[in-house]
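K.L.:
Below: sequence and its predicted model.
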Amino acid sequence: MSLPETILIAWSTLALLWWITALFLVRGTRRPGSVTTRDCRHRPRSLSIFKPLPPVRSAEEVDAIAVAVETFLTEMDPSCELILGVPGEQSDLWRSKVDGWREAFPGARLLERIRATPCRHANPKVAWLAELAPEATGEDWLWSDADIIAPPGFLDGIRASLGSDPRVHAITVPYCIRRTAHPAGWLEALFVNVEFLPGTLLLRRTGPVALGFGAAMLFRSDEFRRRVSWDELGASLADDHELGRQLAPVRIADTIVETCALESKLFPAVQHLHRWQRTIRWCQPGGSAALVVLFPLFGFVGALLVDPRNPALWTGLGFQYLAELLVVHGLLKQVGFSGPHGGRLLLAAWPALRCLIWLSAWLPLPVVWKDLQDSWSSRRRPPRGPST
């Protein structure tokens, strides 16, 4: 056996050991994560939940986001308030939903704030959060993307987790994707469930971290005011990572939430994955580079370019590809993912696609947020106006 073949076998073995570990880590996530019941003998700290609504492109997106917001309204008690940021240019799309929530949840404190889409900060999500922050009265703040679906007992669980250790300044929550209505949504589901989730669950076992996830970040409002700079946060593409860095130490919660895969077109879905992977590279360049150990297909393809008639290399390439397909299928099954059959073509291509997406993060390509007018060439931009 030649030295290159020995290296490829070792490379493949390391990757497969990780995938076996990933299957073990994700086992059981089909069910909602465990929650801790709050001790009712103590007065709960008041909580402000921030929900800035993103621009929507269809009634389908409105309905999906509305279902997600309702899961939080269901969890709220009298100590909670939900601050809803509604883009003024789309307020008519949300009027019936907001009226329905007020009728269905009369005990929930729901604050609707209709504003022209804020642009004070380069990061559009942070611009909205800064606009809503003066409205918040809670001792604790929960920042959570609008498309996040909370499992039963979610708010009680993470509030108890934050209160159980005063040395931890924030709680962040990993997420998965369990369903999509569009074939293009498979791309986001594959990235989140296969690439993101296992690593996050492994990181959770190592203890507190210095990062966060946009799905949910719970922290004390006075701690935020003391430690966090709106300008630095708003100038960062990876606002969740920056918030976690400034609030560290952060604990990764035991529970898992669910996000929606709403993208219906393939090219915007690819842009989204590129933004995810490029952001990871910008925030953790060393860790992102080290991920090459999980891409032995690069080695097999490179070796075949040098020696295309080597049957052992073709056999190794086929084995590695099929092994990764089996692992991907197993991870999706563990999470409980379902989607239209048209997306199975993307599933079949995923071992190759994941290589190309990782590689794209190292090319001098801009990152697009929502449209071509909002592209980033680095992880930071200067603030657009005075800080909040």
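P.N.:
Alright, I've got the coordinates.

K.L.:
What's the per-residue pLDDT of Ala348 here?
P.N.:
pLDDT recorded at Ala348 is 97.

K.L.:
How many neighbouring residues does it have?
P.N.:
Look at Ala348: counted by other CB atoms under 10 Å, it has 13 neighbours. Every C-beta, even on glycine, is put in place using the N, C-alpha and C of the backbone.

K.L.:
check which helix or strand covers it.
P.N.:
Assigned by DSSP states H and E, Ala348 belongs to helix 344-360.

K.L.:
Can you spell out which helices and strands pack onto that helix?
P.N.:
If you count contacts as 3 or more CB pairs under 8 Å, 6 or more residues apart in numbering; DSSP states H and E, helix 344-360 packs onto helix 185-190, helix 266-283, helix 296-306, helix 311-335.

K.L.:
Bridge partners for Thr172, pull those for me.
P.N.:
Beta bridges link Thr172 to Met217, Ile252 when assigned by DSSP bridges.

K.L.:
one step back: need the contact partners of the helix holding Ala348.
P.N.:
183, 186-187, 190-191, 194-195, 270, 273-274, 277-278, 288, 291-292, 295, 297-298, 320-321, 324-325, 328-329, 332 (CB atoms under 8 Å, 6 or more residues apart in numbering).

K.L.:
Drop anything exposed from those.
P.N.:
Among the contacts of helix 344-360, the ones that count as buried by 16 or more other CB atoms under 10 Å are 183, 186-187, 190-191, 194-195, 270, 273-274, 277-278, 288, 291-292, 295, 297, 320-321, 324, 328, 332.

K.L.:
Surely Leu47 and Leu155 touch.
P.N.:
Yes - counting by CB atoms under 8 Å, Leu47 touches Leu155, with 7.2 Å between them.

K.L.:
quick revisit: quick one: closest of the helices and strands packed on helix 344-360 to Pro54.
P.N.:
Judged by CB to CB, the one of these that comes nearest to Pro54 is helix 266-283, at 12.5 Å.

K.L.:
So for that closest one, mean pLDDT?
P.N.:
On average, helix 266-283 scores 88.

K.L.:
Show me what it packs onto, helices and strands only.
P.N.:
Judged by 3+ CB pairs under 8 Å, 6+ apart, the packing partners of helix 266-283 are helix 185-190, helix 285-290, helix 344-360, strand 367-368.

K.L.:
Let's see that with 10 Å instead.
P.N.:
helix 185-190, helix 239-247, helix 285-290, helix 344-360, strand 367-368, strand 375-376 (3 or more CB pairs under 10 Å, 6 or more residues apart in numbering; DSSP states H and E).

K.L.:
For the residue nearest to Arg179 when sequence neighbours are not counted, give me phi and psi.
P.N.:
Leaving aside its sequence neighbours, Arg179 sits nearest to Ser338 (CB to CB, 6 or more residues apart in numbering; 5.3 Å). Here is the backbone geometry of Ser338 (degrees, to the nearest 10): phi -140, psi 140.

K.L.:
Relative to the whole chain's centre, how far out is the helix or strand of the chain with the lowest mean pLDDT?
P.N.:
None of the helices or strands of the chain scores lower by mean pLDDT, DSSP states H and E than strand 375-376, at a mean of 77. Distance of strand 375-376 from its chain centroid, counting by CA atoms, centre = their mean, to the nearest Å, is 19 Å.

K.L.:
quick one: the nearest residue to Ser375 once chain neighbours are set aside from Thr117, how far?
P.N.:
Distances taken as CB to CB, 6+ apart put Pro366 closest to Ser375, at 4.0 Å, once the chain neighbours are dropped. As for Pro366, its distance to Thr117 is 21 Å (criterion: CB to CB, to the nearest Å).

K.L.:
just to revisit the earlier point, in TSV: the helices and strands packed on helix 266-283, plus distance to Ile149.
P.N.:
Listed next are the helices and strands packed on helix 266-283 as TSV, based on distance: least, CB to CB, whole Å:
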stretch	distance to Ile149
helix 185-190	14
helix 239-247	18
helix 285-290	28
helix 344-360	23
strand 367-368	26
strand 375-376	28
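
K.L.:
These: lowest mean pLDDT?
P.N.:
Sorting the helices and strands packed on helix 266-283 by mean pLDDT places strand 375-376 lowest, at a mean of 77.

K.L.:
That one packs against which elements?
P.N.:
helix 266-283, strand 367-368.

K.L.:
neighbours around the nearest residue to Asp145 once chain neighbours are set aside, how many?
P.N.:
Closest residue to Asp145 apart from its sequence neighbours, by CB to CB, 6+ apart: Gly214 at 5.2 Å. A total of 19 residues lie near Gly214 under the criterion other CB under 10 Å.
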